[in-house]
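Q: 3D, please:
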Amino acid sequence: MGEKKLAIIATKGSLDWAYPPFILASTAAALGYETEIFFTFYGLQLLRKKLTLEVTPLGNPGMPMPMGMDKWFPVLGTTLPGMQAMMTSMMKAKMAKKGVASIEELRDLCQEAEVRLVACQMTVDLFDMNTSEFIDGVEYGGAATFFEFAGDSDICLYI
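A: Numbers count the residues shown, from 1 in each chain. Here you go, the predicted structure:
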């Protein structure tokens, strides 16, 4: 039996959704898995050189809120101007305090571990994205490129 393979589809472009694909991919690579992340739609934001990722509590009822806000603060209040920026800075501060690696660090770790990072060419074209804004080492391909790898993978995750 050959090397185990992990295929991940990354579709989200927010701070909280950026962690799972990079954590899982770097861990799998460290365990000897051949690993590929296919970035499509909003997941392409994770490939930008300059990351401006934010987190929003809106539509995320499982997000633990500071000061028990999830128990008393109305959901509608999370739409107030400045709430997303406030929640993002609070999340970043908490992660730094707990020693959680940054997205940039995890992404670099993935590249060092030879995780294949594939940007969906159709989505790049659809949103008229400038690929010069992406980090070096990104490959480009469509769904067929993903299926070529995922079809032989042991684990396939949609994030």
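
Q: Next up, phi/psi of the residue lying closest to Ala30 once chain neighbours are set aside, please.
A: Among residues not flanking Ala30 along the chain, Ala113 sits closest, at 6.5 Å (CB to CB, 6 or more residues apart in numbering). The way it works is simple: take the backbone N, C-alpha and C, and place the C-beta from them, glycine included. Per-residue torsions, Ala113: phi -90, psi 10 (degrees, to the nearest 10).

Q: who touches Ala113 in this structure?
A: Under the criterion of CB atoms under 8 Å, 6 or more residues apart in numbering, the contact list for Ala113 reads Ala25, Ser26, Ala29, Ala30, Thr35.

Q: Mind giving me the packing neighbours of the strand or helix carrying the last one?
A: When elements are defined using DSSP states H and E, Thr35 is found to belong to strand 34-39. Based on contacts counted as 3 or more CB pairs under 8 Å, 6 or more residues apart in numbering; DSSP states H and E, the elements that strand 34-39 packs against are strand 5-10, helix 15-30, strand 116-120, helix 143-150.

Q: per-residue pLDDT, the most centrally placed residue in the chain?
A: Residue closest to the mean C-alpha point of the chain, counted by CA atoms, centre = their mean, is Ala18 at 2.5 Å. We have a pLDDT of 95 for Ala18.

Q: so what's it closest to, chain neighbours aside?
A: Ranked by CB to CB, 6+ apart and with sequence neighbours excluded, the top spatial neighbour of Ala18 is Ile103, at 4.8 Å.

Q: My guess is that neighbour contacts Leu15. True?
A: Yes - the criterion here is CB atoms under 8 Å, and Ile103 meets it with Leu15 at 7.3 Å.

Q: which residues are common contacts for those two?
A: Jointly contacting Ile103 and Leu15 under the rule CB under 8 Å, 6+ apart are Leu53.

Q: okay, and for this structure, where does confidence drop off?
A: 1, 57-81 (pLDDT under 70).

Q: Excluding sequence neighbours, find me the nearest residue to Phe22.
A: Of all residues beyond its chain neighbours, the one nearest Phe22 is Leu106 (3.8 Å), with distances taken as CB to CB, 6+ apart.

Q: Who are the contact partners of the one you found?
A: Tyr19, Phe22, Ile23, Ser26.

Q: and it, what element?
A: Per DSSP H and E: Leu106 is located in helix 103-112.
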